[in-house]
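Enquirer: this one's structure only:
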């Protein structure tokens with residue numbers, strides 16, 4: 001009886017380990033959400049993206065980006081990747097101060 005319980009626990013532990021490994025393997029796919037196509041456009045304009053606020057129910061994504069040592073807030077249309085607004089972040093004027 002004790003040996004049977006041990007075998008069941010070992011099988012259960014292996015199943016959990018396998019699930020954990022699979023979740024870890026597919027985690028990078030979750031990081032590439034729907035804004036990934038828009039990051040290329042922002043990077044091509046010379047910005048270094050530091051953060052993305054993606055509101056799933058809103059039409060825009062907000063990017064925090066750095067260019068020439070200054071921090072900007074950039075709002076981008078999720079569907080067209082059209083940049084709607086670029087504002088200098090006055091609270092973080094210099095990135096490397």
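Expert: All right, it came through fine. These numbers come from a predicted model, not from an experiment.
Enquirer: so what's the residue count around residue 45?
Expert: 12 (other Cβ atoms under 10 Å). Placement of C-beta: from N, CA and C, glycine included.
Enquirer: where does it fall, phi/psi-wise?
Expert: Taking degrees, to the nearest 10, you get phi -90, psi 0 for the backbone angles of residue 45.
Enquirer: for it, give me its contacts.
Expert: Neighbouring residues of residue 45 by Cβ atoms under 8 Å, 6 or more residues apart in numbering: residue 67.
Enquirer: could I get the full set of strands for the protein?
Expert: Secondary structure of the chain (DSSP state E): strands at 48-54, 60-67, 70-77, 83-88.
Enquirer: partners of the last one in the sheet?
Expert: Yep, that's strand 83-88 we're talking about. Paired strands of strand 83-88, with direction, are strand 70-77 (antiparallel) (DSSP bridges).
Enquirer: mind listing what's buried in the strand it pairs with?
Expert: 71, 72, 73, 74, 75, 76 (16 or more other Cβ atoms under 10 Å).
Enquirer: tabulate these (TSV), appending distance to residue 84.
Expert: Converted to TSV, the buried residues of strand 70-77 look like this (distance: Cβ to Cβ, whole Å):
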residue	distance to residue 84
71	18
72	13
73	11
74	9
75	5
76	7
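Enquirer: closest to residue 40 among the residues you listed?
Expert: Nearest to residue 40 among the buried residues of strand 70-77: residue 76, at 11.2 Å, using Cβ to Cβ.
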